[in-house]
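>>> heads up, no residue letters with this:
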């Protein structure tokens, strides 16, 4: 093994070492501080943890490819909420009345289509205007959230379909439906980023856009595809979550974009683009969920949890920067 | 002059970078009240030497003395505090701030509670601007000034300290003749106040107009100092060119094939005008000229990175439209760009992926990229170009400059181009790899490729080219065949002296 792959292994392994550390810490601390009788490392507890990771996790997968490509998407939370409304509301539309339970796949398709279209709008604007993705999606974040409120005002949109709830609560080979969605999406995106031309070009564009253009790569279409993918994944996340809950508030999904970015960055993907991995993002997502659950397990409240996650994020990035400084000759800017 | 102390003395400065000995024991002295030209080809070590002086680099060996005091320039700030000021070729001003704020950037005069003392700031600025004899106001936004006036702001910045030595790096590159006169007045004024001035330029006529002495560097070594009044352009050119690696004239010519690329009357705004040339299969055409002469801009146009304002491009006799690199690559035109790391390579990717980047789309097996096909291409060109790397997984950023350049060349060769354009083939590459790249380019011509080489290094152009196109200020001054070309003739053509004079 040469220095290169060893170095890579260390980088990609860091998040999993951190997860092991969390597990050990909360198991031991739980013995003394826990309010419940159950051990933290309980098997069902871990399965539940994976399930709870799924909504942010699926969005974070999309954020990973967007960030590898050198962009960012702040509108995913609003896209998530809007797709959820389309999902639940469309099941009550009169035109679908005769479908019975066949309305489920139809509504799913509609919701996923909504997400993909919203993503495509972002992608087209970024491609055609050349405006920075941060600004474009900051605008669409506000705009899409506006659509959410226009739909039903401040009222929640609700519809429970028991077939759907049964499906969402099912466990297959031990894993919950939501977990399966997370893992299948991760596998698909991992293949996309590591094995296909699109993935290769996305890395190249994020790493050195000018060199990519000089190699004859069309930058715009890759941007568009990635924004459509993240829109689709935000909708998929909504489909997974609201199939079970059956009610969406107009404020749902707020700050999801930031939680997704947090998970991606914890996983080691660079904000500047060109470097990152889908697998490590899964690690980042699990690490955050573990922190939330673990701190809750030892009796901390939500505010404390957020404070600790924030501190850890900064500490991790500081460490990363120290480890990656290219010697003392680097400019101190 | 013998009894005055030198304003500044650099002694036996050595600076090495991985694979390159950029400065090899260079000594250099500036007296107070003299204008001292520093000359040498690109890559000779001028800018490295100045960066050592300016505190940007620390020398590996050697010392800096100011009036016999050994001095360490730990940072650019410290150098400035000691009176060594840099006027950079590229301006580093904050466009949105006023002239006064720019001049005192980082050292604004203060009142209590950290408030800015605006009155003092503007009066100080007015005082400095007066000595420079400029027409603009201290309150003006810098972004609204002309380039020449912005440069004056840079110079004014130098005058906030009591300067002992001021370094001008290619100050006239973007100035008109009238603006140059103003600049030279300022330099004369500084000189009369006893400031030592280091003047870096390629332009002979300026050097002979305003300098007192000329020091020459070549390949990181000090080659001598001449009294300007007692020398001539030929002597300086001799010192600059010299020979240390095999850069004999190219005398093997491959058999010429058909015209692969023809350019007719191509213009692009003010960058270059009415450019026409032909490149045959089996020949290397060298484009030679000073930085800013328009060479790079022409090849960028042919590669689709710039839109020409008029003119035609013909491939194999057929007029083509090239709107983007995608079009150019489809038509078989390849460009090895000037800035290898910025434009040619994806440094965070491995060697193989970089080499196959333009053609991964053609290497698919089903939906996925075929590993085997990629590795096969990499292995083939690694052997053919003798690329030294531990394996294809190596990040390209970790290779030496020469091997990086071979990756870029291999990337295009593997696509079997009709026309291969190489911009600055050996910039930042050590001497050994230089001749390898040169041989490689010659070899390509023998195999029947049509090759364009753009270079600012005369020995390189002479060594690899069958024909040389000399450019000056966006125009082709003259074309030379390798039999008729002389160094004097080339230097004169690219300095705009006379295109027709046969030397």
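Received the coordinates, thanks. What you see is a predicted model; the values in this text were computed from it and never measured. Numbers count the residues shown, from 1 in each chain, chains lettered A, B, ... in the order given.
>>> just say helix, strand or coil for residue 194.
Since no chain was named, I'll use chain A. Of the three states, residue A:194 takes helix under DSSP: H, G, I helix; E, B strand; the rest coil.
>>> nope, chain B please
Residue B:194 - assigned by three-state DSSP - is coil.
>>> can I assume it is in contact with residue B:32?
Yes: counting by CB atoms under 8 Å, residue B:194 does reach residue B:32; the two are 4.5 Å apart. In short, each C-beta sits where N, CA and C put it, glycine included.
>>> more neighbours, these two?
The neighbour comparison of residue B:194 against residue B:32 (other CB atoms under 10 Å in any protein chain shown) goes to residue B:32, with 19 against 14.
>>> and the stretch 201-333 of chain A, which of its residues are near chain B?
Counting by CB under 8 Å from any CB of the partner chain, the residues of the stretch 201-333 of chain A lying close to chain B are A:201, A:203-204, A:207-208, A:210-218, A:274-275.
>>> how about a cut-off of 7 Å?
Taking CB under 7 Å from any CB of the partner chain, the part of the stretch 201-333 of chain A that reaches chain B is made up of A:203-204, A:207-208, A:210-216, A:218, A:274-275.
>>> just the stretch 51-200 of chain A next, same as before
Neighbours of chain B within the stretch 51-200 of chain A, by CB under 7 Å from any CB: A:195, A:196, A:197, A:200.
>>> looking at those, which one is closest to residue A:67?
Closest approach between these and residue A:67, by CB to CB: residue A:200, at 16.3 Å.
>>> once you drop chain neighbours, what's closest to that closest one?
residue B:360 (5.4 Å; CB to CB, 6 or more residues apart in numbering or on different chains).
>>> run a quick neighbour tally on the one you found.
For residue B:360, the count of nearby residues is 22 (other CB under 10 Å).
>>> confirm it sits in a helix?
Yes: membership of residue B:360 in a helix is supported by three-state DSSP.
>>> what strand or helix carries residue B:291?
Using DSSP states H and E, residue B:291 falls within no helix or strand.
>>> and it, how many neighbours does it have?
Neighbours of residue B:291 using other CB under 10 Å come to 12.
>>> could you give the number of residues near the closest residue in space to residue B:418 that isn't next to it in sequence?
Once flanking residues are discounted, residue B:418 sits nearest to residue B:332: 3.5 Å by CB to CB, 6+ apart. Counted with other CB under 10 Å, the neighbours of residue B:332 add up to 18.
>>> who are the contact partners of residue B:332?
Residue B:332 sits next to B:417, B:418, B:419 when contact means CB atoms under 7 Å, 6 or more residues apart in numbering or on different chains.
>>> show me which of these is closest to chain A.
Using CB to the nearest CB, residue B:417 comes nearest to chain A of the contacts of residue B:332, at 11.7 Å.
>>> what are the ranges of the strands in chain A?
Using DSSP state E, the strands of chain A run over residues A:157-158, A:171-172, A:175-176, A:247-248.
>>> with mean neighbour count and distance to residue A:296 added, can I get these in CSV?
Formatted as CSV, these follow (neighbours: other CB atoms under 10 Å in any protein chain shown; distance: least, CB to CB, whole Å):
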stretch, mean neighbour count, distance to residue A:296
strand A:157-158, 18, 27
strand A:171-172, 10, 23
strand A:175-176, 18, 19
strand A:247-248, 20, 23
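>>> okay, the ones you listed in JSON lines with distance to residue B:300 and mean pLDDT next?
Conversion of these to JSON lines gives the following (distance: least, CB to CB, whole Å; pLDDT from 0 to 100):
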{"stretch": "strand A:157-158", "distance to residue B:300": "54", "mean pLDDT": "90"}
{"stretch": "strand A:171-172", "distance to residue B:300": "57", "mean pLDDT": "88"}
{"stretch": "strand A:175-176", "distance to residue B:300": "54", "mean pLDDT": "92"}
{"stretch": "strand A:247-248", "distance to residue B:300": "52", "mean pLDDT": "92"}
